[in-house]
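>>> Take this sequence and fold it.
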Amino acid sequence: MNLKKEFPRIEKIFRYLKLDEIEEVGIMTFLNKDSIFVKGANDNYIVNVNELKNIDNNYFKNKMTKIKSLEYFNDNGIPSIFPIKFNDKYFINYRSREYEIYKYVNFNHLKYEDLNDKKIKKLANVQAIMHNLNVKLTLPAAYNEIKLNVDKNLKKVEKYAKEGYKILYEYIYQIDEIIKNYNNNYKYALNNLILGYDNYDLNNIEWLKDYMYLADYNNCCLINPSVSLAESAYFISYNDRKIDYERYALYLKTYLKKFGPLPYDYKEALYVSMYKLLAKLEALINRTIKEKVDTSKDINEVIKELLVYNLNIEKLYATYIDAVKK
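Take a look at the predicted model:
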């Protein structure tokens, strides 16, 4: 999408809403995506633009529920970033486009190396508080069956991604085992779902001084707290194909002290928490075949990470048991 072509529409929307007097319009990266920056006479704003196509009847209902979920977290002491509300809506539809307007704040996007013990504890405590909130909302669950059949797709991948084919072929049995373990356990996770924030990692959290903010309402869904904990502890501990077990243990201990005993077996949660990596691999293989593009580099990265995680499951579980004892 050519965002510069959206500038005249943005100006019309601001005039219609009587939001502010526009002084300057440009493009900048905000919350990990290119957005429109608006400098106003009284304040600054970020506008996200989405194309409205191929949407079903539940699109707007689900979107409103997700934004309200983030608003609910915010009202309960978990700072969150959500669009400005106009006439009970958080977005404006205009000529096959959807516009979300945010007040601009110069957040700090932390990297792995920027994390210290204080921030790790903050992340763990906030997640525990979130998981203890009791609210009932109708949202989709974070987990689905992985239907990927690597063997069936090998020859199709070889046509367009030869290096991707090689690593898939080399590790086909390990990948099949990982998929099997996930599919054998994910249904149990569905028996204990709460409102939560999927993808609770550094890519979706912004910082302002010592305050952290949940940044993407699309990550609001029904999650299993044990699986979510396993994912988050891993995300803040994994870097360059290694797991920092001191970070992992600190995160677990801090969370468990705040949340209490987990309602779901952690070993099973570890298997289920590979869902995003498996879903990403499935998407890459489908993209290779359907769009006829070489995704070898991405396939290689995902498989290597899956293998590291899978090889460390017993040690991750032992670290959890040790955290529970202490």
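
>>> sec struct for the most centrally placed residue in the chain, please.
With distances taken as CA atoms, centre = their mean, the residue of the chain nearest its centroid is Asn199 (2.8 Å). Following DSSP: H, G, I helix; E, B strand; the rest coil, Asn199 is assigned to coil.

>>> which residue ranges form the helices in this protein?
Taking DSSP state H to define them, one finds helices in the chain at 7-17, 59-75, 117-132, 150-160, 162-170, 172-189, 225-235, 245-259, 266-272, 275-291, 296-311, 313-325.

>>> Looking at these, which is nearest to Lys111?
helix 117-132 (11.5 Å; CB to CB). (C-beta placed from N, C-alpha, C; glycine too.)

>>> residue contacts, the closest residue in space to Ala41 that isn't next to it in sequence?
Closest residue to Ala41 apart from its sequence neighbours, by CB to CB, 6 or more residues apart in numbering: Glu21 at 3.9 Å. Neighbour list for Glu21: Gly40, Ala41, Asn42 [criterion: CB atoms under 8 Å, 6 or more residues apart in numbering].

>>> Can you convert these into a markdown table and add a column each for neighbour count and pLDDT?
Listed next are the contacts of Glu21 as a markdown table, based on neighbours: other CB atoms under 10 Å; pLDDT from 0 to 100:
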| residue | neighbour count | pLDDT |
| --- | --- | --- |
| Gly40 | 15 | 95 |
| Ala41 | 8 | 95 |
| Asn42 | 8 | 94 |
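
>>> For Phe107, state which of the residues you listed is nearest.
When the contacts of Glu21 are ranked by distance to Phe107 (CB to CB), Gly40 comes first, at 18.6 Å.

>>> Give the closest residue to that closest one in space, chain neighbours not counted.
Gly40 sits nearest to Asp20 (CB to CB, 6+ apart), 3.3 Å away.

>>> what's that neighbour sitting at in phi/psi?
phi -170, psi 160 (degrees, to the nearest 10).

>>> Can you read off the pLDDT for it?
Asp20 is assigned 93 on the pLDDT scale.

>>> Could I get the contacting residues of Ser228?
Counting by CB under 8 Å, 6+ apart, Ser228 makes contact with Gln127, His131, Gly196, Tyr197, Asp198, Tyr200.

>>> 7 Å instead?
Ser228 sits next to Gly196, Tyr200 when contact means CB atoms under 7 Å, 6 or more residues apart in numbering.

>>> and the residue nearest to Gly40, how many residues sit next to it?
Asp20: 17 surrounding residues under other CB atoms under 10 Å.

>>> wait, isn't it in contact with Lys39?
No - assessed by CB atoms under 7 Å, Asp20 is found out of contact with Lys39, at 9.2 Å.

>>> Disregarding residues adjacent in the polypeptide, which is nearest to Ala141?
Leu222 is the one closest to Ala141 (CB to CB, 6+ apart), at 4.6 Å.

>>> The one you found: neighbouring residues, count only.
Neighbour tally, Leu222, other CB under 10 Å: 18.

>>> Show me the beta-bridge partners of it.
Beta-bridge partners of Leu222, counted by DSSP bridges, are Ala141, Leu195.

>>> Tell me if I'm right that it and Asn144 touch.
No - counting by CB under 7 Å, Leu222 stays clear of Asn144, with 12.0 Å between them.

>>> Identify the contacts common to the two.
With CB under 7 Å, 6+ apart, Leu222 and Asn144 have no common neighbours.

>>> pretty sure the residue nearest to the centre of the chain contacts Asn218?
No - in this structure, Asn199 is not within contact of Asn218 by CB under 7 Å, at 8.7 Å.
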